[in-house]
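In: all I have is the shape, not the residue letters:
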């Protein structure tokens, strides 16, 4: 199917025709159907593509974030019971709470994270980046397999204070969860695999060895246990759930963000423009632009609490019904020319504030956004500093089969040489 023939009627996150380049489709939807009701997604879902609508609806109190079970809505009632233990873990994620319960969970998570400043994490992330880059062959290596896949799970394991060597299992478990929440259609076979992975991840985070190691290292998993809000500790199941959420939210998004950014820098930026990423005074703006342009997270979901009439950015009025899912396409909003001049280009010196929606907006803004920013910056700076002449050779691109998390499964790179960490 050619890109220009892609239509809203057959759009899904698992239709391979949309995955390599969904942006022409998003552009057409912004212009022609900024709010579109899809009968085929979750039995009826509103899709929004303009920046103005996505921002307004993210912060609309008539909408709820309690959407842990949305991917199971296609199942008959008797089958849903098979996955109740998996959904019970997801329902504890602060990302799926509203109101007072969300405030309480968020406050606890923020206080637990407070000791982990950028200055404290910088050398730890850098050491893991260097450990991986020391082992690559600059003459030709797979960025995703050798670097971008292992790095996020290693970084978050180190932050939690659990075994960094468990990164292959952490990656496998969280990838199954990411496929569930990023897809618009999943098989019961995948649901069973995701259930098993979710339970294994929770068991890993709750086992005595993980608890003891995190306590010795003053890791975040321990801090979630030790921190109190208004004199009350957090519930043990909540502690495990929030740690699992951080892994789910961080592993896939950081991985694909690294790959998408390297590919975009190779295609769209001159060496002089890439230098903006390397300079302290311009690096922050360059990172924000990469997050805008290259975001792997294509959408944010919401569920209406009540029926209401919504006025779309183009002036039309639509009826939204309680319980009818909404999908807000942040990847489309981030390229809306009504908000961003030169939205379709990579402008690494775009002035601050770069008000992209990659991490959401309002009270539900992503809890792990500082870690994503810092890991992305250190990873990219290290790649280009340690590998002069780094480039993407001509190849058949290998994309993840789930548009919800848009990025590469494999991306081959080559460089002139590999400079040692102590020399870079």
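Out: All right, it came through fine. Since the model is a prediction, treat every value here as computed from it, not as a measurement.

In: contacts made by the least confident helix or strand in the chain by mean pLDDT with the rest, please.
Out: Lowest by mean pLDDT, DSSP states H and E among the helices and strands of the chain is strand 232-233, with a mean of 73. With CB atoms under 8 Å, 6 or more residues apart in numbering as the test, strand 232-233 has contacts from 225, 226, 227. Using the backbone N, CA and C atoms, a C-beta is placed for each residue, glycine as well.

In: please repeat the previous calculation with a cut-off of 10 Å.
Out: 104, 108, 224, 225, 226, 227, 239 (CB atoms under 10 Å, 6 or more residues apart in numbering).

In: wait, which of those residues is closest to residue 72?
Out: Closest to residue 72 out of the contacts of strand 232-233 is residue 239 (24.7 Å), distances taken as CB to CB.

In: now do the contacts for the nearest residue to that closest one once chain neighbours are set aside.
Out: Spatial nearest neighbour of residue 239, chain neighbours left out: residue 224 (4.5 Å); criterion: CB to CB, 6 or more residues apart in numbering. Neighbouring residues of residue 224 by CB under 10 Å, 6+ apart: 108-109, 111-113, 160, 205, 214, 233-234, 236, 238-243, 246.

In: sorry, back to before: which of the contacts of strand 232-233 ranks first by neighbour count?
Out: Greatest neighbour count in these, by other CB atoms under 10 Å, goes to residue 224: 26 neighbours.

In: look up how far residue 419 lies from that residue.
Out: Distance, residue 224 to residue 419, by CB to CB, to the nearest Å: 38 Å.

In: repeat for residue 277
Out: Shown here: residue 277 relative to residue 419, a distance of 17 Å by CB to CB.

In: repeat for residue 401
Out: For residue 401 relative to residue 419 (CB to CB), the value is 35 Å.

In: check which residues of stretch 205-225 are buried.
Out: Using 16 or more other CB atoms under 10 Å as the test for burial, stretch 205-225 gives 205, 210, 211, 213, 214, 219, 220, 221, 222, 223, 224, 225.

In: so can I have TSV of those residues showing secondary structure and pLDDT?
Out: Putting those into TSV (DSSP: H, G, I helix; E, B strand; the rest coil; pLDDT from 0 to 100) gives the following:
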residue	secondary structure	pLDDT
205	helix	97
210	helix	96
211	helix	95
213	helix	97
214	helix	96
219	coil	95
220	helix	94
221	helix	95
222	helix	94
223	helix	93
224	helix	92
225	helix	91
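
In: now those residues as TSV including distance to residue 65?
Out: Shown next, in TSV, are these (distance: CB to CB, whole Å):
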residue	distance to residue 65
205	22
210	28
211	29
213	32
214	28
219	27
220	22
221	24
222	27
223	24
224	20
225	25
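
In: of all those residues, which comes closest to residue 379?
Out: Nearest to residue 379 among the buried residues of stretch 205-225: residue 220, at 20.0 Å, using CB to CB.

In: that closest one: what's it in contact with?
Out: Each residue near residue 220 by CB under 10 Å, 6+ apart is listed here: 109, 112-113, 115-116, 156, 158-162, 214, 227, 242-243, 246.

In: identify the farthest-apart pair in the contacts of strand 232-233.
Out: 104 and 226 (16.7 Å).

In: so the residue sitting nearest the centre point of the chain: helix, strand or coil?
Out: Compute the mean C-alpha point of the chain, and by CA atoms, centre = their mean the closest residue is residue 253, 3.3 Å away. Three-state call for residue 253 (DSSP: H, G, I helix; E, B strand; the rest coil): helix.

In: got a winner among the contacts of residue 220 for most neighbours?
Out: Greatest neighbour count in the contacts of residue 220, by other CB under 10 Å, goes to residue 243: 28 neighbours.

In: residue 156 is in contact with that one, correct?
Out: Yes: at 8.9 Å, residue 243 and residue 156 qualify as touching, with contact defined as CB atoms under 10 Å.

In: what do these two both touch?
Out: The overlap between the contact sets of residue 243 and residue 156 (CB under 10 Å, 6+ apart) consists of 162, 220.

In: check contacts around residue 72.
Out: Contact analysis of residue 72 by CB under 10 Å, 6+ apart lists 42, 79, 80, 82, 83, 84, 86, 87, 180, 186, 188, 191.

In: from residue 12, how far off is it?
Out: In this view, residue 72 and residue 12 are 17 Å apart by CB to CB.

In: try residue 288
Out: 30 Å.

In: which one of those two is surrounded by more residues?
Out: Between residue 288 and residue 12, counting by other CB under 10 Å, residue 288 is the more crowded of the two (20 against 15).

In: please, which helix or strand holds the more buried one?
Out: helix 280-294 (DSSP states H and E).

In: likewise residue 40?
Out: Using DSSP H and E, residue 40 sits in no helix or strand.

In: pull out the buried residues from stretch 91-106.
Out: Neighbour counts over stretch 91-106 (16+ other CB under 10 Å) mark 92, 93, 94, 95, 96, 97, 98, 102, 104, 105, 106 as buried.

In: confirm that the first one sits in a strand.
Out: No: for residue 92, which was evaluated using three-state DSSP, the result is coil, with no strand membership.

In: ok, and the closest non-adjacent residue to it?
Out: residue 241 (3.6 Å).

In: ok, the one you found to residue 355 distance?
Out: 30 Å.

In: with neighbour numbers in mind, choose between these two.
Out: Set residue 241 next to residue 355 and count neighbours by other CB under 10 Å: residue 241 wins out with 25 against 13.

In: ok, residue 314 touching residue 31?
Out: Yes: contact criterion CB under 10 Å: residue 314 and residue 31 qualify, at 9.2 Å.

In: common neighbours of those two, please.
Out: Common neighbours of residue 314 and residue 31, using CB under 10 Å, 6+ apart, are residue 50.

In: who has more neighbours, those two?
Out: Counted by other CB under 10 Å, residue 314 and residue 31 do not tie: residue 314 has more neighbours, with 14 against 11.
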